[in-house]
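*Asks:* here is my input; please provide its structure:
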Amino acid sequence: MRSTRHRRLWMAGLFLLAMAGGAAADDQVDLELVLAVDVSGSMDPDEQALQRTGYVEALRHPEVLDAIRSGLHGRIAVTYLEWAGPATPRVVVPWRIIDNRVSAETFAGQLADAPRGTMRGTSISSGLMAAAALFENNGYAGMRKVIDMSGDGPNNMGEPVVPVRDLVLSRGIVINGLPITLRPGNRGYGSIENLDSYYANCVIGGPGAFLVAVSDRAQLIEAIRRKMVLEIADLSGGFEYAQATPTTDPDYDCEIGEKQRRMWLDP
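*Replies:* Numbering: from 1, shown residues only. A predicted model of the protein is given here:
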């Protein structure tokens with residue numbers, strides 16, 4: 001009788017502890033990483049396929065696995081988000097823990113098999129908001145939270161990017177950038193010169209934030225892999241394409257994309 005009562009009290013205590021300390025039950029990881037990938041119409045199918053391949057191959061690469069193992073816990077939580085216009089962000093692969101070759105291969109395989117689709121618009125702000133929301137109640141407690149933001153043009157739809165970026169940073173989330181310019185000679189709608197400067201001034205931020213600018217198809221797969229190594233191991237600045245402390249300009253116009261869109265709509 002007494003032992004039964006003690007057992008009930010013990011179980012009740014466990015229940016109360018679980019209810020009071022939900023965060024303590026979250027899986028401990030070195031990094032929570034959102035791969036936020038641009039799939040707007042300005043990237044043609046070949047470019048999108050190359051970009052997807054870059055992430056798939058990176059997740060399978062020994063350098064990335066070594067970076068994961070180098071952490072205190074030896075594991076990270078990753079999810080893959082595609083974004084374009086304000087209404088289009090979608091999770092392609094939900095949160096998964098990667099801690100060994102098998103879990104990395106599982107994530108990479110799911111990503112490789114997922115259908116690709118081009119969507120209209122370029123709303124970096126919507127992509128950032130969608131990415132930041134994925135950290136809420138995701139079941140993981142990471143030592144760092146990072147959004148890996150790729151894109152081939154400036155924000156031209158949805159909310160202005162700077163206030164959204166600053167809100168995301170205020171939540172302790174770091175934003176790194178992968179500005180992609182695979183067709184430098186094409187300065188049509190949705191493109192600007194020096195996209196890396198736009199990302200440096202208007203998109204990335206947080207402690208150790210960096211960007212990797214890519215202007216050559218031959219660089220893209222390697223750049224994605226090396227960028228993931230740097231942010232997983234927190235070693236920004238160790239790669240020739242990375243700008244760990246990119247130059248910023250206080251007078252830079254972060255609404256250049258919105259102004260460009262208005263000019264195209266009302267010439």
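
*Asks:* I'd like the mean pLDDT over whichever helix or strand K227 is part of, please.
*Replies:* Counting by DSSP states H and E, the element that carries K227 is helix 217-233. On average, the pLDDT along helix 217-233 is 92.

*Asks:* check stretch 89-97 too.
*Replies:* Rounded mean pLDDT across stretch 89-97 is 96.

*Asks:* check which residues of it are buried.
*Replies:* Of the residues in stretch 89-97, P89, V92, V93, W95, R96, I97 count as buried by neighbour count, 16 or more other C-beta atoms under 10 Å. Just so you know, the C-beta spots here come from the backbone N, C-alpha and C atoms, and that holds for glycine as well.

*Asks:* identify, from those, the entry nearest to L72.
*Replies:* Within these, the smallest distance to L72 is 14.6 Å, found for I97 (C-beta to C-beta).

*Asks:* number of nearby residues for V56?
*Replies:* 21 (other C-beta atoms under 10 Å).

*Asks:* ugh, wrong one, V78
*Replies:* Look at V78: counted by other C-beta under 10 Å, it has 27 neighbours.

*Asks:* the nearest residue to G139 once chain neighbours are set aside and E193, how far apart?
*Replies:* Closest residue to G139 apart from its sequence neighbours, by C-beta to C-beta, 6 or more residues apart in numbering: D26 at 5.7 Å. Counting by C-beta to C-beta, to the nearest Å, the gap from D26 to E193 is 44 Å.

*Asks:* out of those two, which sits in the busier spot?
*Replies:* A count of neighbours by other C-beta under 10 Å puts D26 above the other of D26 and E193, at 15 against 10.

*Asks:* walking through the stretch 51-200 of the chain, point out its strands one by one.
*Replies:* Taking DSSP state E, counting those that start in this stretch, the strands of the stretch 51-200 of the chain run over residues 76-83, 90-98, 140-151, 173-179.

*Asks:* a helix runs through D46, doesn't it?
*Replies:* Yes - counting by DSSP: H, G, I helix; E, B strand; the rest coil, D46 is found in a helix.

*Asks:* hang on, S150 packs against D38?
*Replies:* Yes - contact between S150 and D38 holds when scored by C-beta atoms under 8 Å: they sit 5.1 Å apart.

*Asks:* overlap in contacts of those two?
*Replies:* Common neighbours of S150 and D38 are listed as Q51, I180 (criterion: C-beta atoms under 8 Å, 6 or more residues apart in numbering).

*Asks:* list the beta-bridge partners for the spatially most central residue of the chain.
*Replies:* The C-alpha lying nearest the average C-alpha coordinate of the chain belongs to D148 (C-alpha atoms, centre = their mean; 2.7 Å). Going by DSSP bridges, D148 is paired in beta bridges with L35, N176.

*Asks:* tell me how far it lies from E193.
*Replies:* 24 Å.
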